[in-house]
Every structure is written in structure tokens, then in C-alpha cells.
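Trainee: Got a predicted structure here, sequence first:
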Amino acid sequence: MHHEQQFLPPALQVLIVLFALSGAAGYFTLMLRTNRVRRLKHWPAWRWILWLSGTVMAALVIAGPFAEAAHHDFRLHMAGHLLLGMLAPLLIALSAPVTLLLRALPVTAARRVTKMLRHPVARFYRNPITASVLNIGGLWLLYATPLFQLMHQHLWLYLLIHLHVFAAGYLFTISMIYIDPAPHPSSHLFRTLVFIFALAAHGILSKIIYAEPLPGFPPDEVREGAMLMYYGGDLVDLVIIILLFRSWYRATAPRHLYQKIESS
């Protein structure tokens, strides 16, 4: 991109990576603590691997050599968007961090967390429509307005937008698939219908970017990035669809038939 940019100071980049690693260490500590409690089911290590992969992936997209290169290459920028806003949130959601936290906390503290999850504000933001508007609507606001150009000029805006992309992506993911406890769950049909509209809005945006390349990058490069957004996003969405439909089947299929298929 051929204009002034503010890159993250090296100290801040190190701080972001250390924050991600400390989160991984904290998750690992909680896992070991709960696995020592005999009355609790063993917490699988592969969930910690999912958490580690998601948090480190998100940190390296925001800060580090990849983030710096993404300022100049729209294809890398879009790859970072997919990793930060879709894949990393999916990996973290699959690691079930809230469930692990509830296992590790004392009963009184766990009840406070559960009460927070049941709060009307939490219910509002976890609603599939709200989560979709924050997630997909945020992308439309980013790429259809001067916000994308401004993001590369102001450090605080760069950090805020990346934080939003990750948080909105995680919120959207947990509004569609329920790995952790989900007070006031939406029906599978409702989640599926909202997901279809969100998927369509994401696809339309990628086509608009392809047809009207953003300024500041070579048009062919922007088109390649738009194609990556379209097809790469579909791959992550396919995983969410499979998990959503699997949950739907488990909830509606006759119990004996489901157990037979699970054991085969």
C-alpha cells in the first residue's frame, strides 16, 4: 500500500504474542487442575491444542512479519481476515473454554459465571441475528467505506478493527454451534436460516470487492484476495455447517439409531 502506515511498535507486538501464550498456559493449567479431580471426566489434550492454535494464530495475524506483509499485499490481508475472523474463532470455540473454566472454578464462582451467561445482555449478543450483523455487517462497513484505508493510517483503529473482527467472528461461531453451555438456545432451524443469509452476505461482499477492487493495491491482487475470501470462507463455513447439522441430527434422531451410527 503506497501511503503512510503505522506499524505496531516491537514492544507491543511482543506483548500481544506473550498475551496469547499466557492464555495458552492458563488453559493448560486449568486442564491439569481439573484432570486431577477424580469425579470429573478427563479433559482431552486435543482441546488445548485447538485453543493454542487459535490464540497463537490470532496473535500472529495482528502482530509480526505476517501482519506487516499484509499491509502491502491484499492477498495476505484477506488470508489474515480468514484466519483471524473465521478459523481462529472456530478453533477456540471447539476448545470449549467456558466449560473448562466452569469445571475449574469453585461452585460459588461458577454460579456467578453461569448467571452472567444467562444475563439478557449476553443473550442479546449471542442471538444469531445480532452476531451475524456484528460479524458480516462489520465487514461490509470495513470494505465498503474509507474505514479500510484509515485502518492502515491509525494504529488505534488498526487494533480496534482487528479486535472486532476476532470478537465478532467468535460470537458468530458460538451463536451457530453450541460447544460450551448455551443458555436460551436458538432452534437449529432458526440458526440455519440466519447462517444462510450470513453466508450469502459474505459471498456478495467478496464479489463486490472482486468487481470493484479497492484502491491502493493492484487490481489483480485485490481480485485474488476476493477469490480467497469467497472460497476460503466457504471452507470454514462448511465445517460450521457440518457441526450444526450434526448437532441437529443428534437432537432429533431416534436415540437407538444415533447410537448405532455413532458406533459404526
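Mentor: Perfect, thanks for sending it. Residues are numbered from 1 along each chain as shown.
Trainee: Could you use CA atoms for every contact and neighbour count after this?
Mentor: Noted.
Trainee: Low-confidence stretches in this protein?
Mentor: 1-7, 253-264 (pLDDT under 70).
Trainee: Could you pick out the longest helix of it?
Mentor: When the chain is parsed with DSSP state H, its longest helix is helix 219-252.
Trainee: So which residues of the stretch 1-150 of the chain form strands?
Mentor: Per DSSP state E, counting those that start in this stretch, the stretch 1-150 of the chain carries no strands over any range.
Trainee: Helices of that one, residue ranges please.
Mentor: 10-35, 45-62, 65-70, 74-82, 88-94, 97-104, 107-117, 120-126, 128-132, 138-143, 147-151 (DSSP state H, counting those that start in this stretch).
Trainee: closest to Leu160 out of the ones you listed?
Mentor: Proximity to Leu160, assessed across the helices of the stretch 1-150 of the chain by Cα to Cα, is greatest for helix 147-151 (9.0 Å).
Trainee: Now the closest one: buried residues?
Mentor: Of the residues in helix 147-151, 148-149, 151 count as buried by neighbour count, 16 or more other Cα atoms under 10 Å.
Trainee: next one: stretch 188-201
Mentor: Buried residues in stretch 188-201 (16+ other Cα under 10 Å): 188, 191-192, 194-195, 198-199, 201.
Trainee: Distance-wise, check the residue nearest to the spatial centre of the chain relative to His42.
Mentor: Nearest to the mean C-alpha position of the chain, counting by Cα atoms, centre = their mean, stands Pro89 at 2.3 Å. Computed as Cα to Cα, to the nearest Å, the Pro89 to His42 distance reads 24 Å.
Trainee: For the host helix or strand of Val165, enumerate the helices and strands it packs against.
Mentor: Of the helices and strands defined by DSSP states H and E, Val165 is found in helix 155-176. On a contact count with 3 or more Cα pairs under 8 Å, 6 or more residues apart in numbering; DSSP states H and E, helix 155-176 meets helix 45-62, helix 88-94, helix 120-126, helix 128-132, helix 147-151, helix 188-211, helix 219-252.
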